[in-house]
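> everything below, folded, please.
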Amino acid sequence: MTDKTKILFLGNSSFLQRRILPAVIKIKKLEVLICSKSSKINQKKKIFYNNYNEALNTKPDIVYISLTNNLHFKMAKSALEKNCNVIVDKPITQNLIEAKKLIKIAKNRKLLLAEATVFNYHKAYKKILKIVGKAKNIIHIQTNFNIPVIKNISKVLQTNGDNLMDMSPYAAAIIRLFFKKKFKISLRKVFYGKTKLVKNFYIFCHDQKLTYFGNFGNEREYLSEIKFFSKKKIVSINHQAFALPANKKIPLTIKENNKFIQINSPKDDAIKNFMNDILKSIKNKKYVNYYNNIFFDASIRDQLRKQ
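Just a heads-up that it's a prediction; the model follows:
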């Protein structure tokens with residue numbers, strides 16, 4: 001790589017503009033390029049291309065795919081076959097078979113392949129583990145992630161898939177981060193009318209020491225929270241738990257001895273931390289953990305789909 005690592009973003013979503021780019025631009029090692037079919041070329045806004053293949057032919061060091069879910073596999077495969085390191089927004093693929101194919105290509109070409117499920121890269125989660133002692137002290141985890149009515153829901157379902165497709169990466173990541181090998185999962189789904197498209201789902205996972213309950217729903221009051229239970233404490237992030245803001249201290253609520261106290265976790269940037277980890281891995285050519293995480297999470301998502 002040159003002194004500046006070229007990172008090409010395929011797609012120019014509001015989330016990319018609002019959350020990802022502000023973090024990436026802070027990393028001086030990175031030179032940002034954007035390819036967007038829906039935006040005019042504007043070099044001041046880093047938009048250099050309107051054609052994905054043309055952009056990939058410039059051979060960037062890293063390709064970050066931030067397109068609708070139905071395009072993730074196709075564009076990730078194309079980028080890997082151009083010998084680019086690849087990051088893909090969650091979910092990286094729509095099923096385990098596609099994930100295996102991408103991992104195989106990445107391994108054969110000795111390239112990075114990573115899924116950007118990054119909430120746990122924020123230091124607030126390390127702070128929580130410090131409060132409860134260690135991860136082994138956690139006996140129960142509870143998450144609630146609900147979003148309001150989505151405009152143009154029919155179009156969204158066609159391009160991004162249903163709620164199980166879009167939100168199950170968070171549940172899979174919780175299981176990967178906190179559970180050992182032997183665990184059991186049960187699931188309840190609520191569908192859109194008479195379709196097989198999942199509107200809401202409720203997941204329960206347990207092993208001999210730990211339980212996890214997750215509630216993920218559409219067309220509800222917005223809520224994004226996570227609670228960690230130990231025998232003596234309950235520690236909660238009550239807002240934006242899966243997308244913590246980079247420019248704010250994060251309030252943590254602690255309940256102990258039937259009393260509530262609130263402390264703040266310092267400002268941090270999960271996306272910036274994730275990207276720095278990516279750059280370190282590329283420098284050292286160590287990608288196995290990313291491959292393993294993709295395989296594990298995709299396996300969990302496939303299991304949920306089949307239940």
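> going by C-alpha atoms from here, please, whenever you check contacts or count neighbours.
Noted.
> if we ignore the residues flanking it in sequence, what's nearest the residue most central in space within the chain?
Closest to where the C-alpha atoms of the chain average out (CA atoms, centre = their mean) is residue 117, at 1.8 Å. Using CA to CA, 6 or more residues apart in numbering and skipping residues adjacent in sequence, the residue nearest residue 117 is residue 90, 5.9 Å away.
> can you get me a residue count around the one you found?
A total of 24 residues lie near residue 90 under the criterion other CA atoms under 10 Å.
> next one: the one 10 residues further on
Using other CA under 10 Å, the number of residues around residue 100 comes to 17.
> let me know the pLDDT of it.
Here, the pLDDT recorded for residue 100 equals 98.
> what does the helix or strand bottoming out on mean pLDDT in the chain contact?
Each helix and strand of the chain was given a mean pLDDT (mean pLDDT, DSSP states H and E); the minimum falls on helix 153-160 at a mean of 80. Under the contact criterion CA atoms under 8 Å, 6 or more residues apart in numbering, helix 153-160 has outside partners 68-70, 166.
> out of these, who's nearest residue 152?
Taking CA to CA as the measure, residue 152 lies nearest residue 68 of these, at 14.1 Å.
> for the closest one, what are its contacts?
Residue 68 touches 159-160, counting by CA under 8 Å, 6+ apart.
> tell me which residue of the chain is furthest from the middle?
residue 257 (34.6 Å).
> look up phi and psi at that residue.
Backbone torsions of residue 257, given as degrees, to the nearest 10, read phi 50, psi 40.
> so for stretch 243-260, mean pLDDT?
96.
> any idea how far the residue nearest to the centre of the chain is from residue 172?
10 Å (CA to CA, to the nearest Å).
> also residue 27?
29 Å.
> same question for residue 15.
22 Å.
> report how many residues lie close to residue 88.
Residues lying near residue 88 (other CA under 10 Å) number 24.
> isn't there a helix covering it?
No. Counting by DSSP: H, G, I helix; E, B strand; the rest coil, one finds residue 88 to be strand, located in no helix.
> ok, residues contacting the longest helix along the chain?
Assignment by DSSP state H gives helix 288-306 as the longest helix of the chain. The contact list for helix 288-306 (CA under 8 Å, 6+ apart) reads 92-93, 95-96, 99-100, 103, 112-115, 164-165, 168-169, 172-173, 176, 187.
> in that helix, which residues are buried?
Buried residues in helix 288-306, counting neighbours by 16 or more other CA atoms under 10 Å, are found at 290-291, 293-302, 304.
> for the residues you listed, which one is nearest residue 133?
Nearest member of the buried residues of helix 288-306 to residue 133, counting by CA to CA, is residue 293, at 24.9 Å.
> distance of the closest one relative to residue 69?
Taken as CA to CA, the span from residue 293 to residue 69 is 18 Å.
> with residue 45 instead?
24 Å.
> neighbour count winner among these two?
More neighbours surround residue 69 than the other of residue 45 and residue 69, with 23 against 12 (other CA under 10 Å).
> which one's more surrounded, residue 15 and residue 172?
residue 172 (19 against 10).
> check contacts around the residue nearest to residue 210 when sequence neighbours are not counted.
Distances taken as CA to CA, 6+ apart place residue 139 nearest to residue 210, at 4.6 Å, with adjacent residues excluded. By CA under 8 Å, 6+ apart, the contact set of residue 139 is 209-211, 228-231.
> just the contacts of helix 288-306: which are in helices?
Per DSSP H, the contacts of helix 288-306 map to helices at 96, 99-100, 103, 164-165, 168-169, 172-173, 176.
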